Each structure stands twice: as C-alpha cells, then as structure tokens.
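K.L.:
predicted model follows, preceded by the sequence.
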Amino acid sequence: MDTDTQTLDLKAVDAYLAANLQGFKGPLTASKFQRGQSNPTFLLETPEKRYVLRRKPPGVLLKSAHAVDREFRVQSALAGSAVPVAKMHLLCMDGDVIGSAFYVMDHVVGRNFNDPTMPDQTPSQRAAVIGDMNRVLAALHSVDIDAVGLSDFGPPGNYYERQIGRWTKQYRASETKPVAAMDRLMAALGEHMPAEDGQRTLVHGDYRIDNMMFEADGTKCLAVLDWELSTIGHPFADLASIIMQWQMPAGAEGRGLAGIDRAALGLPGDQEFIDQYCAHRGLAGIDNFGFYLAFCFFRMAGIIQGVYKRALDGNASNPERALKTGAYVPVFAENGLKALGERV
C-alpha cells in the first residue's frame, strides 16, 4: 500500500491492471504530473500504450473532497457527447490496492496551455483556442443531463446557496489564521444572492484553459480535464470562473491577464467572451454578473486555503507550490468584494 502522494506502488498497479483492464500488458513505468494540486495524477507507460492514473491523496481528507468516483462517472457519461473527454477505463474504490481510490483513463496526446497568454502562439491561433474554449463551455452547459444519466449528479435547490454553505464549511475546516476580507465576503454573498432563474445544468467547477488539452498542431479542444468539482448547478459559475482567472495579475498563481493588451494578442475582453458564450447558448445577456464573479473568487479562496492546509499537514500533491498558493487567499477574497461593489 502506497501512502506517498509523490510516488506510486508500481507492482500493485501493474498487478491490478493486468487482472482488471482488458488489453493491458506490462511492464509498467510511471511518472507524476506536477500540474494540479488536488488529486495526484500519474502517466502510466507500457510498451504498447499510455494511460493516466488519478488517485485520491492518502491521509485524512475533508469530507466530500477528492471525489475520484465522481470524476470517473461524469467523464464516462460524457463519452460521445459534444463535450470532449478522455476515454475512461476503470475505477478502483478499494483503498487497499495502493492506499486510496483511483481511476485509469486514456492518455490524451495534445498540448496544454498553462499560461493564458499562450506566448508561442499567433494572435489568430490564440483567438481560435479561446473561441473553442468558449464553444466547449456552452456545449457543456447544453448537455441533456437526463439523457446522459446525470440528473442526480447534484442535489436540487439553489446551487449558490448550497455551494456557499459547502465552501464556507470547507474553508472553516482548513482555516489557519483569520482573513477579514474572507469573513466579509462570505457574509456579503448571502446578501447579494440573485433569485432562481430555472437554469440547472452540468457544471465543471474549475473550467479554465490549463484544465484542457488541445490539438498538438491545432486549436481544437481534445479533452476537458480535472472534473473533481463538477456537479449539477448553475452555468454562470463556470463562465464567471474564467473571467475571475483573467482578472488576476499576469504571471501570478491566478494565471491572469490583468494589465495585458489582449487585443494585441488576439485575446477577447471579458465582455466579448461573455457575449460569445451568450450567442452560443441563445441568451440575450446576463444580469448581476458581479455576484457570479464574486462567488468564484470566494470559492477559489476556499480551494487554495484547503491546498495550503494540506501542505502544512504534509499531504499536498505539490507541497512547494501549495505553500506559495496559500498567500493568495486574501487577494481572492478582496477581489470578490470588489466584484460585489463592496468596500475592501
């Protein structure tokens, strides 16, 4: 049994896959992807094929966090849909095999853009990549959740009320010191919450360019990755999460575009991207967008606080980066207050 987030018990994985994955033939080697902070992810290589293994971190975890079974389910349900995902192979919920639950999927050959400015691309290529990112997001929110068997993937009721309650609890459980802006933001979100508008769709929960794989020599999205936070909820949370990221400083942990001449790079402005999304979905526009944006700043602050706490506890996926990321909790909280028009 493996209890280290940085390594993998190859002998155990090899034996399990040989017994349970049709067509699998070792010998097996593995290397850990350093991107991502939540579920440790490994590239598995055999002489004939490449796979990806994504596991829960070992150790004591927050309730409902690191739900690899949910990741496996949603991506399996989306197979063959307009939302590109990697092919799922198997899910192992037996913690005795390698120390935690895991799933195995195909390795998608393509490229990943960690920096939204895409410095090695031309303006037209950047515009095409972001355009396909927008198209896929609209397709995700247009999935017939009943037809793909995901109608029970999230509880009924007000999505934002539920999410604010959940992430407030998660934040409090991983809180390491008081952050006044975060306390004020949590209170203000409840005061600004919009009325229900009837939209209930599949949402990704962490939709951003670095959670996507694109063609190696093109601009088409081949797979949306990292579905841990996916649920049934309100689509504008996904849209606002992109705008949230872009409003962060360039080159920071938020991978933002603040201060960047987007037009010169071929990148859309915030409102242009929102308008493109509305056109894809046949919407006239979005009222009260500041609330959705503030919600995303709040949730990201909660996520990175959890990452920081895991680093202090010694079970973060990427400890050094996790400790640096924790410093951004007040920054995200302050930006959430600004989005609501509240005093920082």
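P.N.:
Cool, got the structure.

K.L.:
and stretch 264-283, which residues are buried?
P.N.:
Neighbour-count burial for stretch 264-283 flags 265-268, 270, 273-277, 280-281 (criterion: 16 or more other C-beta atoms under 10 Å). For the C-beta atoms, the positions are set from N, CA and C on the backbone; glycine is no exception.

K.L.:
with just CA atoms, put it into CSV.
P.N.:
C-alpha atoms of stretch 264-283 as CSV (Å, rounded to 0.1, in the frame of the first residue of the first chain):
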residue,chain,number,x,y,z
ALA,A,264,-2.8,42.9,-29.5
LEU,A,265,-2.5,39.3,-28.5
GLY,A,266,-5.8,38.3,-30.2
LEU,A,267,-7.5,37.6,-26.8
PRO,A,268,-11.1,38.7,-26.2
GLY,A,269,-12.0,41.1,-23.5
ASP,A,270,-14.2,39.9,-20.6
GLN,A,271,-17.5,41.2,-22.0
GLU,A,272,-16.6,39.9,-25.5
PHE,A,273,-16.1,36.4,-24.1
ILE,A,274,-19.4,36.6,-22.2
ASP,A,275,-21.2,37.8,-25.4
GLN,A,276,-19.7,34.9,-27.4
TYR,A,277,-20.9,32.5,-24.8
CYS,A,278,-24.4,34.0,-24.7
ALA,A,279,-24.5,33.8,-28.5
HIS,A,280,-23.6,30.0,-28.4
ARG,A,281,-26.4,29.4,-25.9
GLY,A,282,-29.0,31.8,-27.3
LEU,A,283,-29.1,34.1,-24.3
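
K.L.:
neighbouring contacts of that stretch?
P.N.:
For stretch 264-283, the surrounding residues in contact (C-beta atoms under 8 Å, 6 or more residues apart in numbering) are 116-118, 122-127, 130-131, 134-135, 137-139, 141-142, 235, 239, 242-243, 246-247, 257, 260, 262-263, 284-286, 289.

K.L.:
7 Å - rerun?
P.N.:
With C-beta atoms under 7 Å, 6 or more residues apart in numbering as the test, stretch 264-283 has contacts from 117, 123-124, 126-127, 130, 134-135, 137-138, 141-142, 239, 242-243, 246, 257, 262, 285-286.

K.L.:
and the closest residue in space to Arg126 that isn't next to it in sequence, how far from Ile274?
P.N.:
In this structure, Arg126 finds its nearest non-sequential neighbour in Gly266, 4.2 Å apart by C-beta to C-beta, 6 or more residues apart in numbering. Using C-beta to C-beta, to the nearest Å, Gly266 is found at 18 Å from Ile274.

K.L.:
for Tyr51, same thing?
P.N.:
37 Å.

K.L.:
now Tyr160
P.N.:
Tyr160 is 18 Å from Ile274, by C-beta to C-beta.

K.L.:
check Ala187 too.
P.N.:
Distance of Ala187 to Ile274, computed by C-beta to C-beta: 27 Å.

K.L.:
for Leu265, same thing?
P.N.:
From Leu265 to Ile274 the distance is 18 Å (C-beta to C-beta).

K.L.:
what does Glu228 give?
P.N.:
For Glu228 relative to Ile274 (C-beta to C-beta), the value is 25 Å.

K.L.:
quick one, domains of the protein?
P.N.:
Under the assignment automatic domain parsing, the domains of the chain span 10-106, 123-339.

K.L.:
which among those is found nearest to Asn112?
P.N.:
Comparison of those against Asn112 by C-beta to C-beta identifies domain 123-339 as nearest, at 5.7 Å.

K.L.:
that closest one spans what distance, first to last residue?
P.N.:
The first and final residues of domain 123-339 sit 29 Å from each other (C-alpha to C-alpha, to the nearest Å).

K.L.:
can you check stretch 148-162 too?
P.N.:
Stretch 148-162 has an end-to-end distance of 23 Å (criterion: C-alpha to C-alpha).

K.L.:
show me which residues of the lowest-mean-pLDDT helix or strand in the chain are buried.
P.N.:
Using mean pLDDT, DSSP states H and E, helix 319-325 stands out as the lowest-scoring helix or strand of the chain, at a mean of 80. Within helix 319-325, the residues scored as buried using 16+ other C-beta under 10 Å are 319, 321-322, 325.

K.L.:
just give me the longest helix of the chain.
P.N.:
Assignment by DSSP state H gives helix 289-313 as the longest helix of the chain.

K.L.:
could you find the closest non-adjacent residue to Gly306?
P.N.:
Leaving aside its sequence neighbours, Gly306 sits nearest to Ser174 (C-beta to C-beta, 6+ apart; 4.5 Å).
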